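Student: Quick one, what's the 3D model for this:
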Amino acid sequence: MKFGYTINNKLMMNSKGKLIGIEVNDPYNPLGLPPNTFRVRTNDGKPPNEIIYAEYDTATLVEGTTDIYDVYKSGTDFKRLFHDSTNLIEVIGANTNGITNIEYMFSYCPSLSSVSLFDTSNVTSFEAAFKGCKSLTSVPAYDTSNVTGMYFTFCDCSSLSSIPWFDTSNVTIIYGMLYNCLNISSVPLYDTSNVVQMGGMLCNCTSITSLPLFDTSKVNWMECAFQNCVNVQSGALDLYRQASTQTKPPRFHEQAFHRCGVDTETGSAELAQIPSDWK
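Tutor: Modelled structure (predicted):
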């Protein structure tokens, strides 16, 4: 699925006819930022921390502000762009047309609470992009139509209260995608028809109340996928039956449903029907 838009720029003039700006009708870049630029806010007025691995080229204070920076990086590989930037609190906007890699881009940014929509239509890997963003409460529905890897994408995002639907039709690894997302109560039915590794996908998602019937037909690794989803009321038994009877059942499935549904009456009843080697 591709996301399209029409750019309809409008010149903004002052009373003397002087150009003072351009209004941009672009959902991916409504601020009209230059290429390869993120506009971000920090909580201390300093540029985003570059403690260990952060790999941007420049950070320029936006005129008239004390805490907003335009961060630039050349090329198309934005891996670890803000990794471990502990003072980063908001992504206001971006121009990311053409970037291909956002692995670990915001990983371990514990104060990041808000992120904008930006162009990810050419991105192939979302690996650990938001891992450890413990203050993040929501994320936009990014274009993941070309993504093949979502390993630990939102791992340890313990403040996320919901998660949108993503196009995962090309994803092969979804290992730990929502690991330790303690506050998410439901998850969409993602397309997992090409997924091979599903281990730990929803492990420790203690608020989820039901499991969608994910396609497990190609899954080989399902270990701990739904471990400790203690409030699940339904869905575990159907998933087990589907996976265990398919042409090639997952080779690694230990603890796939360990304690899944144990705190609910119906969930416990389902769990009792799942063999011990799966739980």
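Student: Poorly predicted segments of the stretch 151-279 of the chain, please.
Tutor: Applying pLDDT under 70 to the stretch 151-279 of the chain picks out no residues at all.
Student: can you map out the helices along it?
Tutor: Using DSSP state H, counting those that start in this stretch, the helices of the stretch 151-279 of the chain run over 236-245, 265-272.
Student: Adding mean neighbour count and distance to residue 92, write these out as JSON lines.
Tutor: Placement of C-beta: from N, CA and C, glycine included. Formatted as JSON lines, the helices of the stretch 151-279 of the chain follow (neighbours: other C-beta atoms under 10 Å; distance: least, C-beta to C-beta, whole Å):
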{"stretch": "helix 236-245", "mean neighbour count": "18", "distance to residue 92": "40"}
{"stretch": "helix 265-272", "mean neighbour count": "16", "distance to residue 92": "41"}
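Student: Turn those into CSV, columns for distance to residue 278.
Tutor: Converted to CSV, those look like this (distance: least, C-beta to C-beta, whole Å):
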stretch, distance to residue 278
helix 236-245, 6
helix 265-272, 10
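Student: Which of these sits closest to residue 108?
Tutor: helix 236-245 (31.4 Å; C-beta to C-beta).
Student: so the closest one versus helix 265-272, what angle?
Tutor: 20 degrees (axes from the mean of the first three to the mean of the last three C-alpha atoms, to 10 degrees).
Student: how far does helix 236-245 sit from the chain's center?
Tutor: 26 Å (C-alpha atoms, centre = their mean, to the nearest Å).
Student: now do stretch 64-71
Tutor: 25 Å.
Student: what about stretch 137-153, how long is it end to end?
Tutor: Stretch 137-153 has its terminal residues 15 Å apart, counting by C-alpha to C-alpha, to the nearest Å.
Student: Just the buried residues of that stretch, please?
Tutor: 139, 142-153 (16 or more other C-beta atoms under 10 Å).
Student: For it, what is the distance to the chain centroid?
Tutor: So, by C-alpha atoms, centre = their mean, the centroid of stretch 137-153 is 4 Å from its chain's centroid.
Student: cool, stretch 261-276 as well?
Tutor: With C-alpha atoms, centre = their mean, you get 29 Å for stretch 261-276.
Student: Now do the end-to-end distance for it.
Tutor: First residue to last in stretch 261-276 (C-alpha to C-alpha) measures 15 Å.
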